[in-house]
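**Q** build the 3D model from these lines:
(2 chains)
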Amino acid sequence: MNDDIVILAPWQVGVAYIFVIIVLTILKHRGIKREKVLLYGTLRMSVQLILVGFILTWIIENPHPLITVFIVLVMVSFAALTVMRKFKETMSKPLARVVTLSLFVGTLPVLLFFFAVVIGIRPIYDPQYVIPITGMIVGNSMTGISLGVHTLLTRFTKGKAEIEEALILGATPKDASKPIVDDAFDAAIMPTLNSMLGMGIIFLPGMMTGQILSGVDPSLAISYQIAIMLGILGGVSLTTYAFLQWGYKTFFNREAQLIA
Amino acid sequence: MFRLENVKYKDVLHIETLAFPAHKITCLVGPSGGGKTTLLKLLNKILTPDEGAVFYKENNLETIDSVMHRRDVVLLSQTPFIFPGTIRDNLLKGLRYQGKHREDATLLEALKRVALTQSLDDDADTLSGGEKQRLALARIMVLDAQCILLDEPSSALDDETEMRIVDDVVAYVRAHKKTLIMVTHAKSIAKKVGAHTCTIEAGRLKGCETA
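**A** Numbering: from 1, shown residues only, chains lettered A, B, ... in the order given. Model (predicted):
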């Protein structure tokens, strides 16, 4: 099957930029002032991907356990920074620490299990597998934890009366926060569940289509896709669960009172 | 039962000494915004004083577990939160938090005590403001706590219902040898039921009278 792959020449990639020109024309015609953003976005996407292409080629050709571990740690750290930046106005420092810790605690065991047991790669640090799969699991876990943070912050701000009433009635902070924690977990895993429901019918996932385009047998591509979706589900759930189990505590002091 | 020593909370309350006797009824009176609600919240430990100490049965509240204390000393706030669900769900809420259970008969008795005739399966959200306040009162009565703190329990009620409910609660407290500390706007109520009445004004204790 690999013999059938169409190799993209640079001029062919260049031809694809015609779509940017089409969008530019529409923006100009409608008077929508987004041309700069479109051009900047296109340039940035192209430069970033070309650079990553070079780096990935080098890393895959020169596999080393320390480099792979370093890249995984950088990816998880960037995910934590992205979430913190998104909520920097509303998130307390203890909650930011919980976000970081949860991303590490939630994703690393899932990744380890995935590489060692599910796909059983040898050596386990093979960057050809580790880097793209880590990207998918960490990226989705970051989205999940962001939704969890958003729900937790909104509900703890708007629902103070409900929590305080529960405390007054003798609830522990854990019991008083239970409806909020449950809703936040639900909100966090919902996009993953929705994408599992629609997968294969409403849309074909990127990794699977990518593999098929590069000549992999569709049944093998589907096996990978199913495994990776389950890995993503595990990563999102574990990360969010860890975050919520520690996160709600940051809203209370040691006297089991709501922190204003 | 309670003793306060040099208690300060922000600019809201500053009380040098104050004691609440056990198994008695104490009424707190005084103008709005004077610090009465804050005082009740300090007794329930939903707030902690910035300075000074609150003693409960001669133990400093700082040394007592907050959650266990709140199960012993329940508070009905002035605008209680009614949880989504039925009247039964609301009556069972505090009990569930405390790992207790009560049969429907006990719940109905509590509803009767606060003059509510609705079914346990009725949606609590359909109740009027006054009915919600009474449901919240019934919710803390079923907890059977040693000490009951009420913050204007009848502020949303008409005079007749107010008197009837206060009479019933007072009768319950006396029959079961509970301690009741109640904030009330009506001096007539304080006079009628209060064995002990304290006036709080502008965050200061103005004095206490014993009937």
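**Q** what about the closest residue to A:Leu108 other than its chain neighbours, neighbour count?
**A** Distance criterion CB to CB, 6 or more residues apart in numbering or on different chains; nearest residue to A:Leu108, sequence neighbours excluded, is A:Val76 at 7.3 Å. No exception for glycine: its C-beta is placed from N, CA and C like everyone else's. Using other CB atoms under 10 Å in any protein chain shown, A:Val76 is surrounded by 23 other residues.
**Q** backbone dihedrals for the residue nearest to A:Ile232 when sequence neighbours are not counted, please?
**A** Once flanking residues are discounted, A:Ile232 sits nearest to A:Asn140: 4.5 Å by CB to CB, 6+ apart. The phi/psi pair for A:Asn140 (degrees, to the nearest 10) reads phi -70, psi -40.
**Q** so A:Asn140 makes contact with A:Val236?
**A** Yes: applying CB atoms under 8 Å, one finds A:Asn140 in contact with A:Val236, separated by 5.4 Å.
**Q** which of those two has more neighbours?
**A** Neighbours were counted for A:Asn140 and for A:Val236 using other CB under 10 Å; A:Val236 has more, 28 against 23.
**Q** find the nearest non-adjacent residue to that one, please.
**A** A:Gly144 (3.7 Å).
**Q** quick one: that neighbour and chain B, what's the gap?
**A** Counting by CB to the nearest CB, to the nearest Å, the gap from A:Gly144 to chain B is 26 Å.
**Q** local confidence estimate at that residue?
**A** Looking at A:Gly144, its pLDDT is 96.
**Q** before we move on, back to that, per-residue pLDDT of the residue nearest to A:Ile232, please?
**A** 95.
**Q** residues of chain A that sit close to chain B?
**A** A:161-162, A:164-172, A:175-176, A:255-257 (CB under 8 Å from any CB of the partner chain).
**Q** buried members of the residues you listed into PyMOL, please.
**A** Filtering the residues of chain A next to chain B down to the buried ones (16 or more other CB atoms under 10 Å in any protein chain shown) takes a single PyMOL command:
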select buried, chain A and resi 162+164+165+166+167+168+169+170+171+172+175+176+256+257
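**Q** stretch A:205-216: which residues count as buried?
**A** Applying 16+ other CB under 10 Å to stretch A:205-216 flags A:Pro205, A:Met207, A:Met208, A:Gln211, A:Ile212, A:Val216 as buried.
**Q** so what's the gap between the helix or strand hosting A:Arg44 and the chain middle?
**A** Using DSSP states H and E, A:Arg44 falls within helix A:35-61. Relative to its chain's centre, helix A:35-61 lies at 19 Å (CA atoms, centre = their mean, to the nearest Å).
**Q** filter the residues of chain A next to chain B down to the ones in helices?
**A** Judged by DSSP state H, these include A:Ala161, A:Glu162, A:Glu164, A:Glu165, A:Ala166, A:Leu167, A:Ile168, A:Asp175, A:Ala176 as members of helices.
**Q** in CSV: these, plus distance to B:Ile87.
**A** Below are these laid out as CSV (distance: CB to CB, whole Å):
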residue, distance to B:Ile87
A:Ala161, 19
A:Glu162, 17
A:Glu164, 21
A:Glu165, 16
A:Ala166, 17
A:Leu167, 22
A:Ile168, 19
A:Asp175, 21
A:Ala176, 21
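**Q** which residues of the chain score low on pLDDT?
**A** Using chain A. By pLDDT under 70, the low-scoring segments of chain A are A:1-4.
**Q** my bad, chain B
**A** In chain B (pLDDT under 70), the answer is B:156-157.
**Q** which parts of chain A are helices?
**A** For chain A, the helices defined by DSSP H cover A:10-16, A:18-30, A:35-61, A:65-86, A:93-113, A:127-158, A:160-168, A:173-198, A:206-213, A:218-247.
**Q** and residue 126, how many residues sit next to it?
**A** By default, I'm working from chain A. 16.
**Q** looking at chain B here, not the other one
**A** B:Thr126 - counted by other CB under 10 Å - has 10 other residues nearby.
**Q** cool, and the one 4 residues further on?
**A** Residues contacting B:Gly130 under the criterion other CB under 10 Å number 18.
**Q** again with A:Leu108
**A** 19.
**Q** what does B:Leu39 give?
**A** 30.
**Q** tell me the secondary structure at it.
**A** helix (DSSP: H, G, I helix; E, B strand; the rest coil).
**Q** what's the closest non-adjacent residue to it?
**A** Per CB to CB, 6+ apart, closest to B:Leu39 is B:Leu13, 6.1 Å.
**Q** mind listing what the nearest residue to B:Gly207 once chain neighbours are set aside touches?
**A** Nearest in space to B:Gly207, with sequence neighbours left out and distances taken as CB to CB, 6+ apart, is B:Thr199 at 5.8 Å. B:Thr199 sits next to B:Leu28, B:Val29, B:Gly30, B:Leu205, B:Lys206, B:Gly207, B:Cys208 when contact means CB atoms under 8 Å, 6 or more residues apart in numbering or on different chains.
**Q** and for B:Leu116?
**A** Per CB under 8 Å, 6+ apart, neighbours of B:Leu116: B:Ile87, B:Glu131, B:Arg134, B:Leu135, B:Ala138.
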